[in-house]
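Enquirer: Sharing a sequence plus its predicted fold:
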2 protein chains.
Amino acid sequence: MVSLRILLVDDHPVVRAGLRAMLTEFEDFSVAAEAADGDAALRELARLRALGERVDVVLMDLQMGAGMDGITATAAIRQLDSPPPVLILTTYDTESDILAAVEAGASGYMLKDAPPEQIRQAVLSAAAGETALAPKVAALLMSRISSPQTALTAREVQLLELLATGLTNRAIARRLFISGATVKTHLVHIYGKLGVDNRTSAIALAAQRRIIRTPGH
Amino acid sequence: MVSLRILLVDDHPVVRAGLRAMLTEFEDFSVAAEAADGDAALRELARLRALGERVDVVLMDLQMGAGMDGITATAAIRQLDSPPPVLILTTYDTESDILAAVEAGASGYMLKDAPPEQIRQAVLSAAAGETALAPKVAALLMSRISSPQTALTAREVQLLELLATGLTNRAIARRLFISGATVKTHLVHIYGKLGVDNRTSAIALAAQRRIIRTPGH
DNA sequence: GCTGCGGTCAACCTTTTGGTTGATCCGCCC
DNA sequence: GGGCGGATCAACCAAAAGGTTGACCGCAGC
């Protein structure tokens, strides 16, 4: 058969080298190009198309330091005409990452700790136009649809964001022009939905699930 | 010269393949063995020693899923007699990770987004018994010693980390086998040094300054 | 029109956290 | 060997947060 041409997108040289080594071990894969972030990926894709060179699958990381992130890049790629399938390959299996990837039009979602054979199968599935989900990811999606009542309202997420900046209840109340009592009510609801009983674990959990952005950058 | 023998410790097959490919491109490196976590690393080291095979450098990741983490493994390796130098190669450059690694006896601290040549140099330095630090890491340590009065102690950083996971004072006390009173004392010191007056803002500030890693990342 | 839900508020009480003072122990450095 | 700083602990009080109950309003959907 004709060799599958892959575009690698990952900001770590080590990981790119690993994927290249792992994939080209199989005679049916070849690396068309590599990119360190989303911008570079789009440029590479344009360059290859200009040269008339095929790209069958894009293997995309999500977190990529300073450059364009994988979600944005995936969405941009899906805007092209006859876009190649994008297979996400990342370290994190949080629900917001996964949902964002699906929304952006990813063809699959694999984790970096997967055995080589699983990654190889996922690439083949993606190239064939099928969907490939890591077992962990599939399990998370299943559990999510089985308990939808735990979804936070927009207001609650807003509270949670202010909470994470270190504000007291009173400060949050002033910021939102509501009473301290209402802040407490919201917090009790949030704790209930998240299954915690204090603000710090609510923040920790929300950060973990990417419900809120962490004050890192 | 005789080839440098390296033990790779990382839970991601992709990363191990990448390091193997990157390092063995240089004729002076060879991979003695690979391990997916700390336990496996110790077993490999024992096995190689039993066979009389040399290990010149251990390349160690920090986060390794379910298995023994890199800090613990590093400390364990340093307990052996004539232990090989351990070079940490990880994604994170937070103060808590770096301090823990140094305390555990690591010979260096490199980041995975480093260019191959930098990693190669670090391995050579470590093998020669020297210390190899990524520029970012070196800068952090420098700034620490230049203003030690506001610098948190290792213990305080450790408290801060547990704090960020959402534990109560009592839970932290149990985790560290100290009394609740001591936890409170530490927290008061931390708040004073960071210029805050409650736990959530301490966490927010510590995450912002990259003193700790947030649960999300 | 009624119901359900989200957002708002209040009173009351318990638990946790924050702030202060003071103390002991240990290791390190001059 | 005396001083210093980090880590440990205790008692006490004040402030903040957590938990419960109950209430009102506005809006969307049946």
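Expert: Arrived safely, thanks for sending.

Enquirer: mind listing what A:Val102 touches?
Expert: A:Tyr109 (Cβ atoms under 8 Å, 6 or more residues apart in numbering or on different chains). Backbone N, C-alpha and C define where each C-beta goes, glycine included.

Enquirer: what do you get if the cut-off is 10 Å, keeping everything else the same?
Expert: Neighbour list for A:Val102: A:74, A:88, A:108-109, A:131, A:133, A:137, A:141 [criterion: Cβ atoms under 10 Å, 6 or more residues apart in numbering or on different chains].

Enquirer: Could you do A:Ile6 as well?
Expert: Neighbouring residues of A:Ile6 by Cβ under 10 Å, 6+ apart: A:19-20, A:23-24, A:29-34, A:55-59, A:84, A:87, A:123, A:126-127.

Enquirer: among the contacts of A:Val102, which ones are buried?
Expert: For the contacts of A:Val102, a neighbour count by 16 or more other Cβ atoms under 10 Å in any protein chain shown gives the buried set as A:74, A:88, A:108-109, A:133, A:137, A:141.

Enquirer: Can you list the low-confidence ranges for chain A?
Expert: Applying pLDDT under 70 to chain A flags residues A:1-2, A:94-96, A:140-150, A:213-217.

Enquirer: and the closest residue to A:Ile212 other than its chain neighbours, how many neighbours?
Expert: Nearest residue to A:Ile212 in three dimensions, chain neighbours excluded: A:Ala206, at 4.7 Å (Cβ to Cβ, 6 or more residues apart in numbering or on different chains). Neighbours of A:Ala206 under the rule other Cβ atoms under 10 Å in any protein chain shown: 26.

Enquirer: Give me the neighbour count for A:Glu34.
Expert: Counted with other Cβ under 10 Å, A:Glu34 comes out at 19.

Enquirer: Identify the bridge partners of the residue nearest to it when sequence neighbours are not counted.
Expert: Excluding its sequence neighbours, the residue lying closest to A:Glu34 (Cβ to Cβ, 6+ apart) is A:Leu8, at 4.6 Å. A:Leu8 forms beta bridges with A:Glu34, A:Leu59, as assigned by DSSP bridges.

Enquirer: now A:Leu8: how far from DNA strand D?
Expert: Separation of A:Leu8 from DNA strand D (Cβ to the nearest atom of the strand, to the nearest Å) stands at 44 Å.

Enquirer: again, but for A:Ile119
Expert: For A:Ile119, the distance to DNA strand D (Cβ to the nearest atom of the strand) stands at 42 Å.

Enquirer: helices and strands around whichever strand or helix holds that residue, which ones?
Expert: Using DSSP states H and E, A:Ile119 sits in helix A:116-127. The helices and strands touching helix A:116-127, judged by 3 or more Cβ pairs under 10 Å, 6 or more residues apart in numbering or on different chains; DSSP states H and E, are strand A:4-9, helix A:13-24, strand A:29-35, strand A:57-60, strand A:86-90, strand A:108-111, strand A:132-133, helix B:13-24.
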